[in-house]
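Undergrad: Provide a 3D model corresponding to the input given below.
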Amino acid sequence: MKFAYFEGKIVPFKEANISIMTHAFNYGTGVFEGIRAYWNADQGQMLILKLKEHYGRLQKSAAALRIKLKYSLDDLIDITVAVVKQNGYHEDIYIRPIAYKSQEKIGLGLTGVEDNFCLFISPFGAYLDIEKGIRVCISSWRRIGAQSMPQGAKITGAYFNSSLAKAEAMEKGLDEAILLSPDGTVAEGSGENLFLLENDKLITPPLREVILPGITRRAVIELARQELKLEVVERLIKKEELFSAAELFFCGTGAQISAITEVDGAKIGGGFVGPVTKKLQAVYFKAVRGDAPKYADWITPVY
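TA: The predicted structure is shown next:
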């Protein structure tokens, strides 16, 4: 990590520091995005994935916490490209923009509290094992309900819920966890959307209440329909259905497309990455790395 965007300018990463009294640090009053960028060595190009879509969601998240962004969508895109270019990485990276309540202030509330925006990047490879698949548990924690926080917003403070589920999985020697909704149906992973394959249909929980409207989720649905000619169904999923699925996988900025080969000790698809998941991975990585002209509008070149 070399350079970051902080308080209106690009600065050396070590200078991008907030006070321990910052409102967002004390109360979780910030929103964020996770954005991947892929290095294509053959093209000598860094390609940022779904940049406009990510910042569109950040703007909505900021509005939910009454954070006033002083930058337009185009401004945010330009800032990001400039920071990535100045860092000069020639490997896959992760981009983390944060809009937050920046005032050094003790006291709850959102209105009248100063706002700011920052951004940093980091080299970032595979977050989960996309080759062998991952082992997960069904978490004892439930996703936060719609009456408890703005749904669809990526709020920093709310990720304690995902962290508890992830910690529970790791304490069991597993990779990840699946959280259920307050009503007991399947929600998503600790930071990923979930898909299952059954009877040649790709099924995913609907965007209601507790499901994050994942940008990678939309991309997977598009690829499944357009490239694999699969029927994609959005409906409620009972946890019992996980164990009878032909294939299961997570998708997300971090997870990319990660096959789930075991749930609570039960093998899924014989414990191997399934053929449909492999095909989706192949077309996905071709698109995000700039090797599929049909999906050129997904990516923003940097150099």
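
Undergrad: for residue 179, what are its contacts?
TA: 139, 141, 142, 143, 161, 162, 165, 187, 188, 189, 190 (C-beta atoms under 8 Å, 6 or more residues apart in numbering). For the C-beta atoms, the positions are set from N, CA and C on the backbone; glycine is no exception.

Undergrad: likewise residue 244?
TA: residue 198.

Undergrad: State the distance from it to residue 237.
TA: 11 Å (C-beta to C-beta, to the nearest Å).

Undergrad: Now do the strands in the stretch 201-303 of the chain.
TA: Using DSSP state E, counting those that start in this stretch, the strands of the stretch 201-303 of the chain run over 201-204, 231-234, 247-252, 256-263, 266-267, 299-301.

Undergrad: what is the rounded mean pLDDT of the second one?
TA: The one in question is strand 231-234. Here strand 231-234 scores 97 as its mean pLDDT.

Undergrad: helices and strands around it, which ones?
TA: strand 201-204, helix 215-226 (3 or more C-beta pairs under 8 Å, 6 or more residues apart in numbering; DSSP states H and E).

Undergrad: now the last one
TA: Other elements packing on strand 299-301 under the criterion 3+ C-beta pairs under 8 Å, 6+ apart are strand 45-49.

Undergrad: now the strand it packs on against helix 215-226, angle please.
TA: 90 degrees (axes from the mean of the first three to the mean of the last three C-alpha atoms, to 10 degrees).

Undergrad: Quick one: list the elements packing against strand 45-49.
TA: So strand 45-49, by 3+ C-beta pairs under 8 Å, 6+ apart, packs with strand 35-40, helix 73-87, strand 299-301.

Undergrad: can we see that at 10 Å?
TA: strand 35-40, helix 73-87, strand 93-101, helix 215-226, helix 275-288, strand 299-301 (3 or more C-beta pairs under 10 Å, 6 or more residues apart in numbering; DSSP states H and E).

Undergrad: List the buried residues of the helix or strand following it.
TA: Downstream of strand 45-49, the first helix or strand assigned by DSSP states H and E is helix 51-64. Residues of helix 51-64 classed as buried by neighbour count (16 or more other C-beta atoms under 10 Å): 51, 53, 54, 55, 57, 58, 59, 61, 62, 64.

Undergrad: would you turn the helices and strands packed on strand 45-49 into JSON lines with distance to residue 126 and mean neighbour count?
TA: Listed next are the helices and strands packed on strand 45-49 as JSON lines, based on distance: least, C-beta to C-beta, whole Å; neighbours: other C-beta atoms under 10 Å:
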{"stretch": "strand 35-40", "distance to residue 126": "11", "mean neighbour count": "21"}
{"stretch": "helix 73-87", "distance to residue 126": "20", "mean neighbour count": "17"}
{"stretch": "strand 93-101", "distance to residue 126": "11", "mean neighbour count": "22"}
{"stretch": "helix 215-226", "distance to residue 126": "14", "mean neighbour count": "19"}
{"stretch": "helix 275-288", "distance to residue 126": "11", "mean neighbour count": "19"}
{"stretch": "strand 299-301", "distance to residue 126": "19", "mean neighbour count": "18"}
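
Undergrad: Not counting sequence-adjacent ones, nearest residue to the residue minimising distance to the centre of the chain?
TA: Centroid-nearest residue in the chain, with C-alpha atoms, centre = their mean: residue 253, separated by 4.0 Å. Nearest-residue entry for residue 253: residue 34, 4.2 Å, with adjacent residues in sequence omitted and distances by C-beta to C-beta, 6 or more residues apart in numbering.
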